[in-house]
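[1] Have a look at this fold, sequence not included:
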């Protein structure tokens with residue numbers, strides 16, 4: 001049998017972690033980071049402004065989409081209300097027509113009884 005060794009990442013103190021799946025930790029504070037990990041203030045500010053611009057664009061697009069959705073919802077609601085109003089007016093018209101014919105019928109019945 002041949003011996004195969006798996007290479008493990010060593011820590012900064014020379015110790016080797018038994019957990020090969022764990023990534024090595026880096027310093028929390030910027031001053032303690034290695035120079036390769038550090039970025040200067042201008043680069044960070046450029047990145048921040050770029051991220052802020054992307055977020056602003058994203059929120060504008062979301063607001064436009066929401067406004068369009070709201071506009072469509074209002075149009076649909078207006079159409080629904082108009083249809084309901086038309087239906088109600090038709091019912092009232094039919095009801096008034098029925099009342100008027102009933103009134104005329106009663107009136108005609110009275111005259112028949114009086115003159116009949």
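    Sure thing, it's come through. This structure is a prediction, so every number in the text was calculated from the model and none was measured.
[2] so where's this structure shaky on pLDDT?
    Judged by pLDDT under 70, the chain has its weakly predicted residues at 1-14, 27, 36, 110-116.
[3] Helices along that one, start to end?
    Taking DSSP state H to define them, one finds helices in the chain at 41-115.
[4] Quick test: name the residue nearest the centre of the chain.
    Computing the C-alpha centroid of the chain and ranking residues by C-alpha atoms, centre = their mean puts residue 66 first, at 7.2 Å.
[5] Tell me how far that one lies from residue 73.
    Taking C-beta to C-beta, to the nearest Å as the criterion, residue 66 is separated from residue 73 by 10 Å. All C-beta spots, glycine's among them, are computed from the backbone N, C-alpha and C.
[6] Repeat that for residue 49.
    For residue 49, the distance to residue 73 equals 36 Å [C-beta to C-beta].
[7] same thing with residue 93?
    30 Å.
[8] Who are the contact partners of the residue nearest to the centre of the chain?
    Residues in contact with residue 66 (C-beta atoms under 8 Å, 6 or more residues apart in numbering): none are found.
[9] so how far is residue 103 from it?
    Separation of residue 66 from residue 103 (C-beta to C-beta): 54 Å.
[10] Next: residue 89.
    As defined by C-beta to C-beta, residue 89 lies at a distance of 21 Å from residue 103.
[11] cool, and residue 21?
    When distance is defined by C-beta to C-beta, residue 21 is 91 Å away from residue 103.
[12] Residue 90 too?
    20 Å.
[13] Also residue 96?
    Taken as C-beta to C-beta, the span from residue 96 to residue 103 is 10 Å.
[14] got it, and residue 42?
    From residue 42 over to residue 103 the distance is 90 Å, taken as C-beta to C-beta.
[15] for residue 46, same thing?
    Taking C-beta to C-beta as the measure, residue 46 falls 84 Å from residue 103.
[16] Residue 61 too?
    In this view, residue 61 and residue 103 are 63 Å apart by C-beta to C-beta.
[17] Done for today, thanks.
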